[in-house]
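In: Predicted model follows, preceded by the sequence.
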Amino acid sequence: MPRMNFKFFVVLSLVVLSLCSCTNLNNDRRLKKFVSRFNAEEYACASTYIYPDDRMHLAFFANEVREKVPNAFIEIEDSETKDGYVVAKLKWKNANDFLRKYFANIGKPLSENDVLIDTIRVKETLDGVCFSFDWGSPDLNTKKLKLASITEENVERMNIRTGAGKGARIIGKLEKGDNILIEDDGKGWSRCYQVNNESKVQAGYIYSANMSIKESAFFSLGIFDSMSLLVALIIVVVICVPLFFLRGVVESIMNSGCVGMSACVLLLLGLIYVVYQLIEKILFELFIINLPY
């Protein structure tokens, strides 16, 4: 029996290594991965394919534009790499006038069939190849930008004004639970950016004392999101192989009464959660299949 388990371990290890070696990391595949995560509104995962300095543009687009076009999604009709750029033909499905006007206002008009032909720059980083992302606004060019939201319990909404002061004209509102990009200088009033009803990027000022501000990054990755395919496959092997040897241990714990049964249930639920997250990661990296979270 131990000999069979050893053979199983060897075969499983060879399968893991072969799957990793077969993974194609070209730009077309990266673009498909980004679009798949983007369509699923998994923006933190999608951000891993975007150049770090451009992630504020992704955060802005997700918060200010995509939220107002909830049924829209992207289909890749064609893509080609040319001299450090990817020329992508992206069709927006279920687009509305708000989305069409927004892209026209930032200088990237959609065609009559809601197709965007975008030239995406490919950039090298220490963590690998990333794409530039410029669907935000040309004005969003400062590294001071941070994501903020209302945290004060008694405040349901806050006014956005033309200037830093309560006497300035109100040009918009921030509702509790929504995020907004701000330039936080620690002086109480912060410059902020939003998209108005005419699909134009509008700068204003908001009182930030009642707000929570993300100090470091626009997106936070979970342990499974940031894990590589090889690591995920190795962990699956590490989890699965010992199960052949732990049957007797589990039976003895189950026979130890309610405490033992409770421990087994908690252990089982934990294993199910870990294995599910790992399977989702593996299926996505190998076949770009999104499982629901």
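Out: Everything's here; your move.
In: part of a helix, is Leu278?
Out: Yes. Counting by DSSP: H, G, I helix; E, B strand; the rest coil, Leu278 is found in a helix.
In: Determine the number of other residues adjacent to it.
Out: 19 (other CB atoms under 10 Å). For the C-beta atoms, the positions are set from N, CA and C on the backbone; glycine is no exception.
In: In contact with it: list those residues for me.
Out: When contacts are counted by CB atoms under 8 Å, 6 or more residues apart in numbering, Leu278 touches 224, 232, 235-236, 239.
In: Repeat the analysis, applying 7 Å as the threshold.
Out: 224, 232, 235-236 (CB atoms under 7 Å, 6 or more residues apart in numbering).
In: Please, where are all the helices along the stretch 1-150 of the chain?
Out: Using DSSP state H, counting those that start in this stretch, the helices of the stretch 1-150 of the chain run over 2-22, 27-39, 43-46, 55-64, 97-105.
In: report the angle between the axes of the fourth one and helix 97-105?
Out: Put simply, helix 55-64 runs at 150 degrees to helix 97-105, going by axes from the mean of the first three to the mean of the last three CA atoms, to 10 degrees.
In: With only the CA atoms kept, save helix 55-64 in PDB.
Out: Below are the C-alpha coordinates for helix 55-64, written out as PDB (Å, rounded to 0.1, in the frame of the first residue of the first chain):
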ATOM      1  CA  ARG A  55      -3.900  51.000 -11.300                       C
ATOM      2  CA  MET A  56      -5.400  54.300 -10.200                       C
ATOM      3  CA  HIS A  57      -7.000  54.500 -13.700                       C
ATOM      4  CA  LEU A  58      -8.500  51.000 -13.300                       C
ATOM      5  CA  ALA A  59      -9.800  52.000  -9.800                       C
ATOM      6  CA  PHE A  60     -11.300  55.200 -11.200                       C
ATOM      7  CA  PHE A  61     -12.900  53.400 -14.200                       C
ATOM      8  CA  ALA A  62     -14.300  50.600 -12.000                       C
ATOM      9  CA  ASN A  63     -15.800  53.000  -9.400                       C
ATOM     10  CA  GLU A  64     -17.000  55.800 -11.600                       C
END
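In: which helices and strands does that helix pack with?
Out: helix 43-46, strand 180-183, strand 189-195 (3 or more CB pairs under 7 Å, 6 or more residues apart in numbering; DSSP states H and E).
In: How about exporting the first one as PDB, limited to the C-alpha atoms?
Out: Listed next in PDB are the C-alpha coordinates belonging to helix 43-46 (Å, rounded to 0.1, in the frame of the first residue of the first chain):
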ATOM      1  CA  TYR A  43     -10.700  44.100 -10.000                       C
ATOM      2  CA  ALA A  44      -8.100  43.200  -7.400                       C
ATOM      3  CA  CYS A  45      -7.100  40.100  -9.500                       C
ATOM      4  CA  ALA A  46      -7.400  42.100 -12.700                       C
END
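In: Could I get the average pLDDT for it?
Out: In this model, helix 43-46 has an average pLDDT of 93.
In: if we look at that helix, which residues are touching it?
Out: Taking CB under 7 Å, 6+ apart as the rule, helix 43-46 contacts 34, 37-38, 58, 62, 219-221, 225.
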